[in-house]
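# when you get a sec, could you give me coordinates for this:
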Amino acid sequence: MDYCTNLKELLTNVPYRKVNGSLDREISGLTHDSRKCHNGYIFFAICGIHFNGHDFIDAAITNGTAVVVHSSPLSFFQDDITYIQTDSVYESISRISAAFYNNPSHSLKVIGVTGTDGKTSTCDFIYQLLTCTNKTAALLSSVWQDNGTGRTRNLRHMTTPDAIEIQKFLHEAVINGCEYAVVEASSHGLSDHFRRLEDVCFTISICTGITSDHMDFHKTQTSYIDAKMTLFRLLKGKNRLAIIPADAEWNDKVLDIVGHSKKIHTWMVVEPGCELTRHASLVLSISEINNTGMNIILYFRDTQYQIKVPFLFPVQVRNLAPALLTLFLVTDETSSLVMKCPENLESIPGRFNLLEPPGQARILIDFAHTAHAFSTIFSNAALIYPGKKFITVFGSAGCRDTSKRALMGRIASRHCDIIILTDEDPREEDSLIILQDIRAGIPKNYQGTIILQPDRRKALKTALQLARFDDIIFCLGKGHETSIEKNGKIYPWNEKKVILELISLKEVD
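Here you go, the predicted structure:
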């Protein structure tokens, strides 16, 4: 599939104020990074958090750019360059990127997944299930990516990349013969500010659930929920479907957006000992949890099925439920192959990764970094390991949402006997201030042990030293991530590797 390179055609659906220069140009590429400009490129001068792209227009021109898209007025225009002034450079990036790559989402069944927690796992389960049933699927998530040539680790430190990368990825998926594309959608990417997904046409939109996160950016819970709802506004076509939890308080908002109840499908999970009290399109009732996984009764279209999954935590079943519902709706069948696929599912790196060193405490590595995720993982673990001593190691991101810090500390104090506070990604913020913010949420009458150790390796070492056989150590917040950002520097990090090194080197003795 060829690119659309004519500038005038690329601007067909782009609102702009004025143009200085010729629109009779052929475009060879798109970027908002002046260092990546080449001859014939469009340079988008975005106003970011740390940099203003308008300061790099001259550098972009030096590197070969032919067109500059900007929002602030300019005092000088070079004769051989085209300047396009717009109210929103981000909107222009989305519109132009989609046009440049010939609107690839129109040639795919795009499945979008948003939510506060669980969206990465749900994306991966959908991808695995589609692949298991011989469907050709692309995947773009926080952990994995596959444009149709094979799954590889996603090394971006961003859930949803910019519109240029997204449209390019979908274009590659079309070229490589994919029928489906599974895309993880963050609230930032869906926001009116960044608009990274604005020109992606979704066939299925899924929300795993909404609690609270990123209040530093969204400011209010109403704004946060509205950003999530944008994924349903992006549904297109007569076959569009919305998949949501049966118990979500915001379900009426989805109905208002989608416009027809038959386009909305719901799911629910019933944990052991709980009664099935609510109707949903798909219900997963956990009948047994054992050392090898779970036995589940699946209810779909008035039929009951028995399935097995290799998971220990009920929250993993919550991530699986919308994935299974998606599979049933797009394949419109429940064959023996489809029903057997869940048995072979794999957890993604950094999510519910359980290490069980011989003769030592169990160690659970997870990406949990919100208050709701903390509450879920600790309560799930209490169900699986009743009466065990819990030790937890975690921190909170610097220069990000501070409102969740104290709440995370409070939740940890309800479940854990030892709390070790440490770095997550302090960035330019003082590590000890972050840890004190978390500690402020721990009640003064807390009977357990609190340790502040910013050095994450030392914190993990301390946890291993304090743990006894049969204890549970929770290592939370880093999960799959490959670095720690501190004081403007990026340090390599691999949570699992560090823990295994500490154990093998007997540093915990």
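# count of neighbours near Pro454?
Residues within reach of Pro454, counting by other C-beta atoms under 10 Å, total 17. In this view, the C-beta of every residue, glycine as well, is placed from N, C-alpha and C.
# how about it, secondary structure?
coil (DSSP: H, G, I helix; E, B strand; the rest coil).
# how does the protein divide into domains?
Per automatic domain parsing, the structural domains of the chain span 7-100, 104-344, 353-504.
# now the second one: mean pLDDT?
What it means is domain 104-344. Across domain 104-344, the average pLDDT comes to 88.
# how long is that domain end to end?
End-to-end distance for domain 104-344, by C-alpha to C-alpha, to the nearest Å: 31 Å.
# starting at the chain centroid, how far to that domain?
Centroid separation between domain 104-344 and its chain, computed with C-alpha atoms, centre = their mean, to the nearest Å, is 11 Å.
# start at 50 instead
Let's use 50 as the start, then, which means that last one is domain 153-393.
# can you give me the helices for the stretch 50-199 of the chain?
Taking DSSP state H, counting those that start in this stretch, the helices of the stretch 50-199 of the chain run over residues 56-59, 106-111, 138-149, 168-181.
# apart from its chain neighbours, what residue comes closest to Gln194?
In this structure, Gln194 finds its nearest non-sequential neighbour in Asn203, 4.5 Å apart by C-beta to C-beta, 6 or more residues apart in numbering.
# was I right to think the one you found contacts Asn196?
No: using C-beta atoms under 8 Å, Asn203 is not in contact with Asn196, being 11.1 Å away.
# contact partners for the residue nearest to Gln194?
Going by C-beta atoms under 8 Å, 6 or more residues apart in numbering, Asn203 touches 189-194.
# pull the most distant pair out of the residues you listed.
Across these, the longest distance by C-beta to C-beta is 10.4 Å; it joins Leu189 and Val192.
# show me which of the two is the more surrounded one.
Leu189 (26 against 22).
# checking my notes, Leu413 in a strand, right?
Yes: counting by three-state DSSP, Leu413 is found in a strand.
# what about the residue of the chain most remote from its centre, distance to Thr135?
Relative to the centre of the chain, and counting by C-alpha atoms, centre = their mean, the farthest-placed residue is Asp128 at 43.6 Å. According to C-beta to C-beta, to the nearest Å, Asp128 and Thr135 sit 21 Å apart.
# likewise Ile175?
Using C-beta to C-beta, Ile175 is found at 35 Å from Thr135.
# more neighbours: the two, which one.
Ranked by neighbour count (other C-beta under 10 Å), Ile175 and Thr135 place Ile175 first, with 28 against 20.
# now do the contacts for that one.
Applying C-beta under 8 Å, 6+ apart, we find Ile175 in contact with 160, 162, 186, 231, 372, 375-376.
# between the residues you listed, which is nearest Asn112?
Val231 (34.8 Å).
# count of neighbours near the closest one?
Val231, neighbours per other C-beta under 10 Å, totals 29.
# same list, the helices of the stretch 50-199 of the chain, but as CSV with distance to Thr511 please.
Formatted as CSV, the helices of the stretch 50-199 of the chain follow (distance: least, C-beta to C-beta, whole Å):
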stretch, distance to Thr511
helix 56-59, 56
helix 106-111, 47
helix 138-149, 44
helix 168-181, 29
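# contacting residues around the closest residue to His81 other than its chain neighbours?
Spatially, and ignoring its direct neighbours in sequence, His81 is nearest to Phe93 (4.2 Å; C-beta to C-beta, 6+ apart). By C-beta under 8 Å, 6+ apart, the contact set of Phe93 is 79-81, 102, 118, 138, 141-142.
# confidence-wise, which of those comes last?
Among these, Gly102 has the lowest pLDDT, at 90.
# what sits closest to the residue farthest from the centre of the chain if chain neighbours are left out?
Nearest one to Asp128, counting by C-beta to C-beta, 6+ apart, is Gly70 at 7.9 Å.
# check the one you found and give its pLDDT.
For Gly70, pLDDT reads 94.
# ok, back up a step: now, which of the contacts of Asn203 sits nearest Arg449?
Arg449 lies nearest to Ser191 out of those, by C-beta to C-beta, at 15.5 Å.
# hmm, that closest one is touching Thr169, no?
Yes: taking contacts as C-beta under 8 Å, Ser191 lies within contact range of Thr169: 4.7 Å.
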